[in-house]
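In: Give me a model of this one.
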Amino acid sequence: FVKTDAYVRAITEKRVVITEFGTCAYPDPCKNIFSRFFSYFKGVEITDNCLVNVYPVGEDYYAVTETNYITKVNPDTLETLKKVDMCNFININGVTAHPHIERDGTVYNIGNCMGKGATLAYNIVRIPPTQKDKSDPIEKSKVVVQFPSAERFKPAYVHSFGMSENYFVFVETPVKINLLKFLSAWSIRGSNYMDCFESNESQGTLFHIARKDPGEYIDHKFKSAAIGLFHHINTYEDQGFIVVDLCAWKGFEFVYNYLWLANLRSNWEEVKKAAMIAPQPEVRRYVIPLDIHKEEQGKNLISLPYTTATAVMHADGTIWLEPEVLFSGPRQAFEFPQINYEKFAGKNYTYAYGLGLNHFIPDRIVKLNVKTKETWVWQEPDAYPSEPLFVQTPDGEDEDDGVLLTIVVAPGSHRPGYLLILNAKDLSEIARAEVECIIPVTFHGMYKP
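Out: So this is what the prediction gives:
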């Protein structure tokens, strides 16, 4: 385990000491009732429990969550090295666990911040690549551009963002964090992160774009129907348009409302009933026009021949986006997406790989051709895989020349966990490495040669 403060204190005191995403901290049982009551007034203590992802910064590797803390680890020994507070270097309240990393090692990320006029905003931050003087690149982090927030004290929940060769794309969903509730109710009555989420049923979804170099916000109003969003798949430019592919959940409700442990521990029929009323998943393609003229009201501004996505300007200047659906199945989600990132991030591409969720349960690996909508599936009974990581074949020529790595949990097997290696072309099995211990279900990760 990564020896974060949250982990060490929980193990030492045998209780949850720092409030997590859906779990409140437990009061110290050794204190009397009055001491426990007043301990709630000590303010918000932010977790450093870095359970979401791992990514490189310069020559170092960091385990991360979605707060302002990231944790440096040794990728060879797995030793925990140090805790870093990003607030010491940039104006940010927290950063996502899904940065974009360019070929030279430059890292871009996004997080909410306090913007102009005492209102919330979202900053894109840049961490430079390895420094010639061997100094820490994090110390040279800077804000590239700032996006406005639709609501002054209620920033949207941001899990990822899009980046093409020349543009950033930020999708502002109606799922909000109530900042006042976060700062007040939490410290008084012991709430958790989930208690601070709410949905703006009338906002819809806002698409913001900005130039990368120089960092410049482009003040056009792009809007679509309400969706929930965790993961972008890829974003690229083509003939004056930005193509944005993402894993959407229809409607304004927060999907996490259906993922409480008590719900998932229910019998299978109850789990399916919950999934029936939850937001429904789709892989969607939105297309954003860059060349916009006021006189083109009521006309579809998208002229790319290979997509049915549309963008229509309304009388108030708002450009309404309708997506093309690339993948949709009844209660079948394509999530935790991966691509051949090294060669096709920010470029026109063909293949995406994802974790298939059946009524929220991860039970398959799926390959999707985003041009033809053809799919391939790997699946075995009572086997629960994780995010598929694409590893390029050395000197491979085709986009899908490579393998997929996924950690599979098989609770009923003699060896209940294994690393599965699939051929990325057809999802046929190449090999598996089994272990005789339970492997926790994972979120995200990376392949380090």
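
In: residue ranges with poor pLDDT in the protein?
Out: The chain contains residues with pLDDT under 70 at 26-44, 184-190, 294-295.

In: can you pull the buried residues of the lengthiest strand in the chain?
Out: When the chain is parsed with DSSP state E, its longest strand is strand 227-238. For strand 227-238, the neighbour count (16 or more other Cβ atoms under 10 Å) marks I227, G228, L229, F230, H231, H232, I233, N234, T235, Y236, E237 as buried. C-betas here are computed from N, CA, C, even on glycine.

In: Report the contact partners of G354.
Out: Contacts for G354 (Cβ atoms under 8 Å, 6 or more residues apart in numbering) come out as C247, F334, E335, F336, P337, Q338, I365, V366, L368, P388.

In: same thing but 7 Å
Out: G354 makes contacts with F334, E335, F336, P337, V366, L368, as judged by Cβ atoms under 7 Å, 6 or more residues apart in numbering.

In: The fifth one: which element?
Out: Spelled out, that is V366. strand 361-369 (DSSP states H and E).

In: do the second one as well
Out: Secondary structure from DSSP H and E places E335 in strand 332-338.

In: quick one: contacts of the helix or strand following that strand?
Out: The helix or strand immediately downstream of strand 332-338 is helix 341-344, counting by DSSP H and E. Helix 341-344 is contacted by residues N234, Q392, E399 when judged by Cβ under 7 Å, 6+ apart.

In: okay if I get the residues you listed as a markdown table plus distance to P148?
Out: Formatted as a markdown table, the contacts of helix 341-344 follow (distance: Cβ to Cβ, whole Å):
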| residue | distance to P148 |
| --- | --- |
| N234 | 25 |
| Q392 | 38 |
| E399 | 36 |
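
In: Show me which of the residues you listed is closest to D133.
Out: Set against D133, the nearest of those by Cβ to Cβ is Q392 (31.5 Å).

In: for the longest strand of the chain, the distance to its chain's centre please.
Out: 10 Å (Cα atoms, centre = their mean, to the nearest Å).

In: Could you list the paired strands of the helix or strand where G354 lies along with their orientation?
Out: Assigned by DSSP H and E, G354 belongs to strand 351-358. If you go by DSSP bridges, strand 351-358 pairs up with strand 332-338 (antiparallel), strand 361-369 (antiparallel).

In: Looking at those strands, which one is packed in the most?
Out: Highest mean neighbour count of the strands paired with strand 351-358: strand 332-338, a mean of 23 (counted as mean count of other Cβ atoms under 10 Å).

In: from the middle of its chain, how far away would that one be?
Out: 11 Å.

In: now do stretch 340-355
Out: In terms of Cα atoms, centre = their mean, the centre of stretch 340-355 is set 16 Å apart from its chain centre.

In: again with stretch 303-315
Out: 27 Å.

In: cool, and stretch 359-373?
Out: Averaging C-alpha positions (Cα atoms, centre = their mean) puts stretch 359-373 17 Å from its chain's average.

In: Give me the distance between the two termini of that stretch.
Out: With Cα to Cα, to the nearest Å as the measure, the first residue of stretch 359-373 is 21 Å from its last.

In: Residues contacting stretch 121-137, please?
Out: 57-59, 90-92, 95, 104-113, 115, 138, 140-149, 158, 168, 170, 210, 215.

In: In CSV: the strands paired with strand 351-358, plus distance to Y447.
Out: Converted to CSV, the strands paired with strand 351-358 look like this (distance: least, Cβ to Cβ, whole Å):
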stretch, distance to Y447
strand 332-338, 10
strand 361-369, 15
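
In: Can you list the residue ranges for strands in the stretch 151-300 of the chain?
Out: All strands of the stretch 151-300 of the chain, identified by DSSP state E, counting those that start in this stretch, fall at 162-163, 167-172, 175-177, 197-199, 205-211, 216-224, 227-238, 241-250, 281-289.

In: As JSON lines, the ones you listed with distance to F1 would be great.
Out: JSON lines is the format used below for the strands of the stretch 151-300 of the chain (distance: least, Cβ to Cβ, whole Å):
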{"stretch": "strand 162-163", "distance to F1": "32"}
{"stretch": "strand 167-172", "distance to F1": "33"}
{"stretch": "strand 175-177", "distance to F1": "28"}
{"stretch": "strand 197-199", "distance to F1": "27"}
{"stretch": "strand 205-211", "distance to F1": "37"}
{"stretch": "strand 216-224", "distance to F1": "41"}
{"stretch": "strand 227-238", "distance to F1": "25"}
{"stretch": "strand 241-250", "distance to F1": "29"}
{"stretch": "strand 281-289", "distance to F1": "31"}
